[in-house]
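Q: sequence and predicted structure below; questions after.
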2 protein chains.
Amino acid sequence: MKRSERLVSMTNYFLENPKQLKSLPYFTDMFQAAKSSISEDLVIVDKVFQKEGIGHLQTVAGAAGGVRYIPGFSKRSSLQFIDKLCRTLEEPVRILPGGYLYMSDILGNPKMVNQIGRVLGSAFSEAEIDVVVTVATKGIPLAYAVASFLDVPVVIVRRDPKVTEGSSVSINYVSGSSRKIQTMVLPKRSLQEGANVCIIDDFMKAGGTITGMTSLLAEFNANVKAIGVLAEADDEEEDRVVENYTSLVKISNVDIKQKQIQVLPGNFTQKQG
Amino acid sequence: MKRSERLVSMTNYFLENPKQLKSLPYFTDMFQAAKSSISEDLVIVDKVFQKEGIGHLQTVAGAAGGVRYIPGFSKRSSLQFIDKLCRTLEEPVRILPGGYLYMSDILGNPKMVNQIGRVLGSAFSEAEIDVVVTVATKGIPLAYAVASFLDVPVVIVRRDPKVTEGSSVSINYVSGSSRKIQTMVLPKRSLQEGANVCIIDDFMKAGGTITGMTSLLAEFNANVKAIGVLAEADDEEEDRVVENYTSLVKISNVDIKQKQIQVLPGNFTQKQG
């Protein structure tokens, strides 16, 4: 295979297999090429990935060493994306009765969801996450997008137990915004004891749902290493019960009468270097 | 930019932007290269994509023409994947009380889910789908994977109305396996009238859920162009109420006493050329 073809194939391989460490002989076998050629290819791929802001190739020295693709998403691309998101969310037609904001079109767009997953995931790439946890239903696509970026599995907390998942652990908690008692369930075999967890959800108001998830995860002795939400409500009347979280946008003023919404960048923009 | 770097960047571009038609000048501008060079690059990318079984580049002639990446997944890769899936699902530890099969680990693995999405999506790539529809909760990640492959949005039917989605259309239907009356809800603004729809779910027994979705979609004058499920139960005692569907695997014998499961390839393997 010529270098030109090898580069196309190699690019596809790395994008498809993030974080997997492969030795140089793996590539020389795969492409039937000399070590020196493969090394040069890797330098080219790494250079372009960095220039495009999609991560880099990491070389691990030693007998068990090799190379792997560490996905990334540049600060600049992230901020541009968040800015665009704010403007999209400010469209007056999004205001629903009760002052809620229609976001299903954004959450229903796989490309948009993947971008959100990359931005959030890049904030947690150093946190050594073992698993992404979310609660049904709306956070699910975001959780998969983040998990895909971090190359870890997803576990879904349900509000109702399902007969098809075996024995479960459940807790009751008080919802932050509606003050109702709600239930959360997680099948026993879905999460290993002591896992490092990243909680993902679409929207956070007072934070009751996330606090509920944290309590449920405590039953599995999980370490909540990161919490990420697409949007947070900037509601001064309510006490936020969750503190260490990352939000992409902050919905700060929904004026139903004037049909106006103000959406600002979330704390993600302050957190990153 | 050198050809070598351009090929890495171009490969990433096409994989990131499936189905988007771009003119040749778009690429000559992007890479500051001559038309003839870009044309040669495109031939190389197309050749490798086809060899790897991940689709091809389609050239559209004329003033409004250009080139776009049509994702594909080769028959051979699909069959290999289905075979591996069957063996994984036959592990005796998967048997749950009631004869159900534990699949949450597979549905919780983003890489696995993406593969399933590619295999199912490749079966529907000619069907001119506008939107993928699923019902909460377990089908959601699969629906996104298929939608990502087909580059269309996802709409999620819920079993309970949510206040945050505006006015909705709901129906009641009889569940095929439990014979209970259940409800399904779809927000009015989530689906356009007359859309071409692909229904995706994780599991189909008698098919009551899918029939319910079909009835709900009829309220939106949607055309159900395709139905895809990961697994179907091969249950001779029950009448299957859904006929035109594509399944990847068929769970044909769950023997709780003997701790044995038989999982066979689904009708996908017969459908493709």
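A: Okay, I see it. Numbers count the residues shown, from 1 in each chain, chains lettered A, B, ... in the order given.
Q: can you show me the strands along the stretch 101-250 of chain A?
A: Per DSSP state E, counting those that start in this stretch, the stretch 101-250 of chain A carries strands over the ranges A:131-135, A:154-157, A:168-174, A:181-187, A:196-204, A:223-233, A:246-255.
Q: of all those, which one is nearest residue B:264?
A: In terms of Cβ to Cβ, the element of the strands of the stretch 101-250 of chain A nearest to residue B:264 is strand A:181-187, at 26.4 Å. Where you see a C-beta, it was placed from the backbone N, CA and C, and this is true even at glycine.
Q: could I get the average pLDDT for the closest one?
A: Mean pLDDT, computed over strand A:181-187, is 91.
Q: same check, this time on stretch A:169-177
A: On average, stretch A:169-177 scores 81.
Q: that older thread, with distance to chain B and mean neighbour count added, can I get the strands of the stretch 101-250 of chain A in JSON lines?
A: Output for the strands of the stretch 101-250 of chain A, formatted as JSON lines (distance: least, Cβ to the nearest Cβ, whole Å; neighbours: other Cβ atoms under 10 Å in any protein chain shown):
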{"stretch": "strand A:131-135", "distance to chain B": "8", "mean neighbour count": "27"}
{"stretch": "strand A:154-157", "distance to chain B": "5", "mean neighbour count": "24"}
{"stretch": "strand A:168-174", "distance to chain B": "11", "mean neighbour count": "15"}
{"stretch": "strand A:181-187", "distance to chain B": "7", "mean neighbour count": "18"}
{"stretch": "strand A:196-204", "distance to chain B": "8", "mean neighbour count": "24"}
{"stretch": "strand A:223-233", "distance to chain B": "11", "mean neighbour count": "22"}
{"stretch": "strand A:246-255", "distance to chain B": "12", "mean neighbour count": "20"}
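Q: any chance of these in CSV, plus distance to residue B:110?
A: Listed next are the strands of the stretch 101-250 of chain A as CSV, based on distance: least, Cβ to Cβ, whole Å:
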stretch, distance to residue B:110
strand A:131-135, 9
strand A:154-157, 7
strand A:168-174, 23
strand A:181-187, 18
strand A:196-204, 12
strand A:223-233, 16
strand A:246-255, 20
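Q: now do the closest residue in space to residue A:239 that isn't next to it in sequence against residue A:175, distance only.
A: Counting by Cβ to Cβ, 6 or more residues apart in numbering or on different chains, residue A:206 is the residue found nearest to residue A:239 once chain neighbours are left out, at 6.8 Å. For residue A:206, the distance to residue A:175 equals 8 Å [Cβ to Cβ, to the nearest Å].
Q: who has more neighbours out of the two?
A: Using other Cβ atoms under 10 Å in any protein chain shown as the criterion, residue A:206 and residue A:175 rank with residue A:206 on top: 21 against 15.
Q: I'd say the more buried one and residue A:241 touch.
A: Yes: using Cβ atoms under 8 Å, residue A:206 is in contact with residue A:241, at 6.1 Å.
Q: so what's the residue nearest to residue A:143 when sequence neighbours are not counted up against?
A: Take residue A:143 and drop its neighbours on the chain: the residue closest to it by Cβ to Cβ, 6+ apart is residue A:134, 3.7 Å away. Going by Cβ atoms under 8 Å, 6 or more residues apart in numbering or on different chains, residue A:134 touches A:140, A:142, A:143, A:154, A:155, A:156, A:157, A:199, A:200, A:201.
Q: burial measure for the first one, as a count.
A: What that stands for is residue A:140. Neighbour tally, residue A:140, other Cβ under 10 Å: 26.
Q: okay, it and chain B: tell me how far apart.
A: Distance of residue A:140 to chain B, computed by Cβ to the nearest Cβ, to the nearest Å: 5 Å.
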